[in-house]
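J.: Need coordinates for the following:
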Amino acid sequence: MSVKVPRLIIAGLSGDSGKTIVSLSLLAALGRRGQAISVFKKGPDYIDAAWLSFAAGCACRNLDTYMVSEEEVRNSFVSHTQSNAIAVVEGNRGLFDGKDTTGTHSTAELAKLLDAPVVLVIDATKVTRTVAAMINGCRDFDSRVNITGVVLNRVAGKRHQRVLTDSIEQYCGIPVLGCIPKMEEKARLIPGRHLGLVTPAEYDADSSLTDRLVEIAERYLDVDALTEIAMTAAPLESPSEVKEVKTSRQVRIGVFRDSVFTFYYPENLEALESCGAELVPISSLVDHELPDIDGLYIGGGFPETHAERLTANRSLMQSVRKAALGGLPVYAECGGLIYLCRSLMWRKQTYPMAGVFDIDLEMHEKPFGHGYTELLIDRANPFFNIGAVLKGHEFHYTGPDSALKADAGCAAMTRGSGLGNSRDGLMVKNTLALYTHLHALGVKDWARAMVSRASERHRVNDSETKRTPAEDDRRTKKVRIAAGI
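T.: As a prediction, this is how the structure comes out:
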């Protein structure tokens, strides 16, 4: 069945062209006008997605054809577009930039997959008529990409704007849908740092920011014309309806969720729930010990910028270490891996971490690992079968402060950096920590395995709590004999 899905992709000629400010402003303005919105981020980025969620007032979904199959990406896009909503997709990097020279997994390929109109955001710094040649070059490069309009960013003044606009309309025959003036650095809306922008969780993003975004859209963008372009998108095939299987909550899985640990794809959390997990939020800064849980999931984030406060909450680190070494199933990614190691050195300061792994990390000046990854599981671990191939991504400045053994970890990296020895996947007991981030739609066994391990843990705990006093006495005697007491 075909369904109408008004949509457009905000793309650029390069990174830092202004895609994010255009996307955020457009979303804020549409929301202020009462327009239903759905929002998506092309690629694996967590931070831009978080800001898009903030501006749209709804969860942003990542669309990444490297980590997730094209069919799943297309289905996810249609399934998560609200009825009567306009779907806005922010691209990443340059329009045709992908994994290789053929542009695989590029924004252009996503636009064709979704049959979506594309609006190009162009940094107009120190350029005038040449912009028209750039646009025509993009159109000639792949005529199947439907470039329907342009937004100019960092325009220097009225004359600059007039020459740019006249050139584009005369030589390209497509409309200029916005001209955002050059702004002083101090006027930057959202501060940046080593992984990109700061996250909404660490920024006092109150309603005044939304007001400023709306003001930018209403002053500098043709919101009506952008809406009309979205409406021209052809209907899409709706994915086959999958009956949702209601699974009763069987286990409790704790999830670190606070201003430190914010990197979670919504699908990962939803997958755990659909497999039977009740998610229990835990603050790594406020909570002093783990609650009654059967498993623990620690995503990525910025433990380095919160290292002092994390270290100050020593009791939680001790609680995590005790639970992990006692067999609690723990799955951690990147920032979570950092939390579980013995220490982190950053800016000449060493911060003790939880110490689940006897490994010390340090922050480097440049990224230690950045980009897509591929792993081959080659050692037994709690969550993945030997021989499984996992696709994900990594972006981290940390790495071990000394070389690890060649066979450290449970996975060989066929793409990416991981722990620095072409390996990833630190293990101890039922704990596994990877630098690689995975997407649950691309690795469907992950959530099932996580809940399965948690269920096993739950059964053990349940049987222990049901022991009679006589059973407890016999168990104590066995332990003492075994310990030679």
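
J.: Extract the residue ranges of the stretch 351-485 of the chain that are flagged as low pLDDT.
T.: Applying pLDDT under 70 to the stretch 351-485 of the chain flags residues 464-485.

J.: Swap in 90 and give it another go.
T.: Along the stretch 351-485 of the chain, the parts satisfying pLDDT under 90 run over 403-408, 459-485.

J.: what are the ranges of the helices in it?
T.: In the stretch 351-485 of the chain, the segments counted as helices under DSSP state H, counting those that start in this stretch are 444-465, 469-483.

J.: show me the contacts for Gln250.
T.: Gly276, Ala277, Val451, Ser455, His458 (CB atoms under 8 Å, 6 or more residues apart in numbering). Any C-beta I mention is one placed from the backbone N, CA and C, and that applies to glycine too.

J.: Ignoring the adjacent residues along the chain, who's closest to the fourth one?
T.: The shortest distance from Ser455 to any residue other than its chain neighbours is 5.4 Å, reached at Val251 (CB to CB, 6 or more residues apart in numbering).

J.: If that neighbour is in a bridge, with which residues?
T.: Beta bridges link Val251 to Ala277, judged by DSSP bridges.

J.: show me what contacts it?
T.: Val251 neighbours (CB under 8 Å, 6+ apart): Gly276, Ala277, Glu278, Asp294, Gly295, Val451, Ala454, Ser455, Arg457, His458.

J.: Kindly indicate which of those lies nearest Pro181.
T.: Ala277 (49.0 Å; CB to CB).

J.: quick one: contacts for that closest one?
T.: Shown in contact with Ala277 (CB under 8 Å, 6+ apart): Arg249, Gln250, Val251, Arg252, Ile253, Gly295, Ala447, Met450, Val451, Ala454.

J.: ok, 10 Å please
T.: Residues near Ala277 by CB atoms under 10 Å, 6 or more residues apart in numbering: 247, 249-255, 269, 271, 293-295, 297, 447, 450-451, 454-455.

J.: Now list the buried members of those residues.
T.: Buried members of the contacts of Ala277, scored by 16 or more other CB atoms under 10 Å, are 251-255, 269, 271, 293-295, 297, 447, 450-451, 454-455.

J.: of the residues you listed, closest to Leu337?
T.: Checking those one by one against Leu337 (CB to CB), the nearest turns out to be Tyr297, at 12.5 Å.

J.: just checking, the closest one is part of a strand?
T.: Yes: per DSSP: H, G, I helix; E, B strand; the rest coil, Tyr297 lies within a strand segment.

J.: That one pairs with what?
T.: With DSSP bridges as the rule, Tyr297 is bridged to Val255, Tyr331.

J.: quick one: low-confidence parts of the stretch 1-150 of the chain?
T.: Applying pLDDT under 90 to the stretch 1-150 of the chain picks out residues 1-4, 16, 82-84.

J.: mind listing the helices in it by residue range?
T.: For the stretch 1-150 of the chain, applying DSSP H, counting those that start in this stretch gives helices covering 19-32, 47-56, 70-79, 107-114, 130-141.

J.: Please state the offset of the fourth one from the chain centre?
T.: When you say that, I think you mean helix 107-114. 19 Å (CA atoms, centre = their mean, to the nearest Å).

J.: With the third one instead?
T.: Put simply, helix 70-79 sits 17 Å off its chain's centre (CA atoms, centre = their mean).

J.: Go through that helix and flag the buried ones.
T.: Buried-residue list, helix 70-79, by 16+ other CB under 10 Å: Glu72, Val73, Arg74, Asn75, Ser76, Phe77, Val78.

J.: which one of those is nearest Glu394?
T.: Val73 (20.3 Å).

J.: still on that earlier bit, got CSV for the contacts of Val251, with distance to Leu63 too?
T.: Below are the contacts of Val251 laid out as CSV (distance: CB to CB, whole Å):
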residue, distance to Leu63
Gly276, 27
Ala277, 25
Glu278, 28
Asp294, 32
Gly295, 28
Val451, 26
Ala454, 29
Ser455, 32
Arg457, 34
His458, 35
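
J.: Show me which of those residues is closest to Ala408.
T.: Among the contacts of Val251, and counting by CB to CB, the member closest to Ala408 is Gly295, at 23.9 Å.

J.: shouldn't that closest one be in contact with Ile282?
T.: No: the criterion here is CB atoms under 10 Å, and Gly295 misses it with Ile282 at 11.8 Å.

J.: Spit out the residues that contact those two alike.
T.: Contacts common to Gly295 and Ile282, judged by CB under 10 Å, 6+ apart, are Gly254, Val255.

J.: which residues does Leu26 contact?
T.: 8, 10, 37, 39, 55-56, 86, 88, 90, 119, 151, 177-178, 213-214, 216-217, 221, 223, 226-227, 230.
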